[in-house]
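Chemist: fold the following, please.
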Amino acid sequence: MAEEAAFDVVRAASLDGVAHGFFGHKASAHQFGYGGEGDEAVIGGMRAAAADAVLAGGALVAPHQVHSPDVIMVTEAWSDVATGRPEGDALVTATPGLVLGIVTADCAPVLFADVEAGVIGAAHAGWRGARGNEQGGVLENTLEAMVSLGASLERIAAAIGPTIAQASYEVDDPFRQQFTTDDARFFAQGDGEKWQFDLPAYIGSRLTQRGVAQIDDLALDTYTLENKYYSYRRATHHRQPNYGRQISMIALS
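Modeler: Model (predicted):
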């Protein structure tokens, strides 16, 4: 894992050789327009930063995220990135020059690449999207979409970016009961009737079950790293009106 302080971005060893970055709130606030600005300012800032920090001249595509298991196959830049974004929580492409962007604030940004096939993906994986439905979650659906473009599960590398850690993720028993008995290992007993949920480990397990062997968990806790990352839960606990979001991006050059 290497960090470039000038952009406040972390890169994953598993994606070495692939243009990508997990950005913190320094870059988000200064370059991406978060912190109270309107949507057009956010998207405009994201596009500029993507071109400079990930792929010079690249065209950013970022979905309207809704905590779903849905994946969008991208073949060209959207004509209006501010207002024409389709709903979904993952992007997959085999088209060079596109920068796939996902925003998060405790949920996990997961970036994928099969370098040999020239296929990449980016997913927003909160507990709801990762768990999904009977047809699968956002992680499985992202992998399936990548395979449909020629990727191989054995070659796909995945990196889990800044995410809320188990020690910071307190949940109640009704939350825990939404998961299967096989998922009990991702919950540790907390205070009283509370539990601590391990979202990164849950995500890693689902990827492993689908045959992904190269998984890099950066182990960066959005909740405790207050000077580096936005956290929805931390903002809620502190009764802050805005919580911000950081962006993660990946591109084919």
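
Chemist: use CA for all of it now, contacts and neighbours both
Modeler: Will do.

Chemist: contacting residues for the residue positioned nearest the centre of the chain?
Modeler: Nearest residue to the geometric centre of the chain (CA atoms, centre = their mean): P109, 1.3 Å. Listed by CA atoms under 8 Å, 6 or more residues apart in numbering, the contact partners of P109 are I102, V103, A122, A123, H124, A125, I160, G161, P162, T163, S248.

Chemist: where does the chain have low pLDDT?
Modeler: Residues of the chain that meet the criterion pLDDT under 70 lie in 1-7, 26-53, 79-83.

Chemist: going along the chain, name the helices of it.
Modeler: Remark: helices assigned in the chain by DSSP state H are 25-27, 39-53, 127-131, 138-148, 173-176, 199-209, 232-237.

Chemist: other residues contacting the fifth one?
Modeler: Spelled out, that is helix 173-176. Residues outside helix 173-176 that contact it (CA under 8 Å, 6+ apart) are F187, E193, K194, W195.

Chemist: possible to save these as CSV with neighbour count?
Modeler: Shown next, in CSV, are the contacts of helix 173-176 (neighbours: other CA atoms under 10 Å):
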residue, neighbour count
F187, 19
E193, 9
K194, 17
W195, 21
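
Chemist: most widely separated two among those?
Modeler: Maximum pairwise distance among those (CA to CA): 12.1 Å, between F187 and E193.

Chemist: dig out what A125 forms beta bridges with.
Modeler: A108 (DSSP bridges).

Chemist: now do it against G17, distance only.
Modeler: Plainly put, A125 is 24 Å away from G17 if you go by CA to CA, to the nearest Å.

Chemist: have a look at the two and say which one is more surrounded.
Modeler: Neighbour count, other CA atoms under 10 Å: between A125 and G17, A125 has more, with 30 against 9.

Chemist: give me the distance between the more buried one and E76.
Modeler: Per CA to CA, A125 is found 24 Å from E76.

Chemist: same check on A19?
Modeler: For A19, the distance to E76 (CA to CA) stands at 18 Å.

Chemist: what's the answer for R128, then?
Modeler: Distance, R128 to E76, by CA to CA: 28 Å.

Chemist: what do you get for P162?
Modeler: Per CA to CA, P162 is found 28 Å from E76.
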